[in-house]
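A.B. asks: Predicted model follows, preceded by the sequence.
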Amino acid sequence: LWGGDGIGKPRGYSNSGVVITVPKELNQGAATISRLNVSKMRARMTPAQYRRAIWMVNADALPQLDELAYGQQSTNSAIYNPEGGFGFGVLLGRPVMVSPHSATLGEKFDISLVDWKSYRTITKARGIETATSMHLWFDLGLVAFRAQFRVAGQSALTKPITPNNGANTQSPFVTLAART
């Protein structure tokens, strides 16, 4: 669902034309996540999609999120709460999920705001197809098993949404630009 190219596998959201990449802040340090980054990311998602969205982060990003909770400014506590969600906290009111599929800290896709309801999948009607063969390892008395499950997927949208009023496009898939 992240990075597939759609050839023999589902097309990941990162390879679709619907992803919005929020630029880093001027003079932002490498491998950092700021309050303004996450606020701008939230602003690029439609309100209806934001109600269902979750933050997808790499485990390397958790110390940066902790800085948003325990930093010097008293307003930071409203940005990130390390309790709740999927066990990794809540960022701007939406759950945080840690995934090894997210890029490492400082790279594009290390933190993304995603509405998975906007990703569509379809499976083959017969479900999982199985087969066995005793011929492969007949001389060893072994049986080989095979299972196939056919699935396709891609974003429900092909490009970002242009709102009636507002300067910026919106999308169900928003990520932060690389900060290297």
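C.D. replies: Great, that's in hand. Please read all numbers here as calculations on a predicted model, not as lab measurements. Residues are numbered from 1 along each chain as shown.
A.B. asks: Same question for stretch 143-154: list its buried residues.
C.D. replies: Going by neighbour count (16 or more other CB atoms under 10 Å), the buried part of stretch 143-154 is Gly153, Gln154. No exception for glycine: its C-beta is placed from N, CA and C like everyone else's.
A.B. asks: Span of that stretch from start to end?
C.D. replies: Chord length of stretch 143-154, first to last residue, is 36 Å (CA to CA, to the nearest Å).
A.B. asks: cool, stretch 168-176 as well?
C.D. replies: End-to-end distance for stretch 168-176: 15 Å, by CA to CA.
A.B. asks: who touches that stretch?
C.D. replies: Identification of contacts with stretch 168-176 by CB atoms under 8 Å, 6 or more residues apart in numbering yields 13-14, 16, 18-22, 24, 33, 37, 41-46, 49, 53, 108-115, 117-119, 155-157, 160-163.
A.B. asks: For this structure, give me the ranges with low pLDDT.
C.D. replies: 1-3, 5-6, 70-78 (pLDDT under 70).
A.B. asks: and the residue minimising distance to the centre of it, what helix or strand is that in?
C.D. replies: Nearest residue to the geometric centre of the chain (CA atoms, centre = their mean): Met56, 4.5 Å. In this structure, Met56 sits in strand 54-57 according to DSSP states H and E.
A.B. asks: how about the strands in the protein?
C.D. replies: Secondary structure of the chain (DSSP state E): strands at 20-22, 54-57, 80-81, 90-91, 94-98, 111-114, 119-123, 129-133, 144-148, 151-155, 173-176.
A.B. asks: Quick check: buried residues in the fifth one?
C.D. replies: Translated: strand 94-98. For strand 94-98, the neighbour count (16+ other CB under 10 Å) marks Arg94, Val96, Met97, Val98 as buried.
A.B. asks: Might you report the residue contacts of Ile33?
C.D. replies: Per CB under 8 Å, 6+ apart, neighbours of Ile33: Ala61, Gln64, Leu65, Glu67, Leu68, Leu105, Asp110, Ile111, Leu176.
A.B. asks: Having no further points to raise, I will conclude here.
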